[in-house]
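J.: Next comes the sequence, and after it the predicted model I'd like to discuss.
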Amino acid sequence: MDRDHHVCVMGEDVGHHGGQFKVTKGLAEKYRDLRVLDTHIAEKSFTGMGIGAAMTGLRPIIEGMSMGFLLLAFNQISNNCGMLHYTSGVQFKIPVVICRPSGSVGRVAHSHRLESYFQPIPRIQMVACSTPYNAKGLMKVAIRSDNPVILFKHVLLYDLKERIPDEEYICSLEEGEIVRPGEHVTILTYSWKRHHVMQAAKTLVNKGYDLEVIHIRSLKPFDLYTIGNSVKRRIEC
């Protein structure tokens, strides 16, 4: 937001409350209410407002409380966010980032995983973070993209802590991440499950298997190149 004054944040309690998981804490005091906008609990309305703002040249980040409520704005995301670039004869770009906590966790009712719902929508890109490092890198490049991006953040990732570099870096919106290179087996994972896989990998490595673990952080477009090359090496062996 320091780098680009077109970037703004909107959503439920993102302002002085600091967001449901405190991801916008301190932003309202620094950037004021016009750039950190608290909205009513009306997903359809403020998602449409964010898409309209993107059409005028802003770069909105639409932060929501739960993945399940994203269905309330499905028409705006599908028919407006995804299609307006084409239906307008490419007159409009929709540089908007939609961020949602997702995934199942105990005693929480809205524990949806809706990635497949948005897969067929044209132009929309989807990414899933798995660490603080790639959460920052994916968020920064998503904000700078001229395409609409949905960023999925599993609720169990919010407690993770990791030292990340101060210098500038971004992660690709279109490439998977080779977490562990290996020769014997390819294992694909994404989001929170990455950490379960890495725990299981230790057991298999102790048994003599050399595993390659790929985190599919780019859900759309799906990085078939990285995955295909990994699998191809196993076949050739």
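T.: Received the coordinates, thanks.
J.: Just the element for Lys30, please.
T.: Lys30 belongs to helix 27-31 when elements are defined using DSSP states H and E.
J.: how distant is that helix from the center of its chain?
T.: Distance of helix 27-31 from the chain centroid (C-alpha atoms, centre = their mean, to the nearest Å) equals 23 Å.
J.: just stretch 86-96 next, same as before
T.: How far stretch 86-96 lies from its chain's middle: 21 Å, per C-alpha atoms, centre = their mean.
J.: and that stretch, which residues are buried?
T.: Phe92, Lys93, Ile94, Pro95, Val96 (16 or more other C-beta atoms under 10 Å). To be clear about C-beta, it is placed using only N, CA and C from the backbone, and glycine gets the same treatment.
J.: can you check stretch 31-41 too?
T.: Residues of stretch 31-41 classed as buried: Tyr31, Arg35, Val36, Leu37, Asp38, Thr39 (neighbour count, 16+ other C-beta under 10 Å).
J.: Using PDB, write out the CA atom coordinates for that stretch.
T.: The C-alpha trace of stretch 31-41 is given here as PDB (Å, rounded to 0.1, in the frame of the first residue of the first chain):
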ATOM      1  CA  TYR A  31      -4.000   4.500   5.700                       C
ATOM      2  CA  ARG A  32      -7.300   5.800   7.000                       C
ATOM      3  CA  ASP A  33     -10.800   4.800   6.300                       C
ATOM      4  CA  LEU A  34     -11.000   5.500   2.500                       C
ATOM      5  CA  ARG A  35      -8.200   2.900   1.800                       C
ATOM      6  CA  VAL A  36      -9.200   0.400   4.600                       C
ATOM      7  CA  LEU A  37     -12.900   0.200   4.300                       C
ATOM      8  CA  ASP A  38     -15.100  -1.600   6.800                       C
ATOM      9  CA  THR A  39     -18.200  -3.000   5.100                       C
ATOM     10  CA  HIS A  40     -21.500  -4.400   6.200                       C
ATOM     11  CA  ILE A  41     -22.000  -8.200   6.400                       C
END
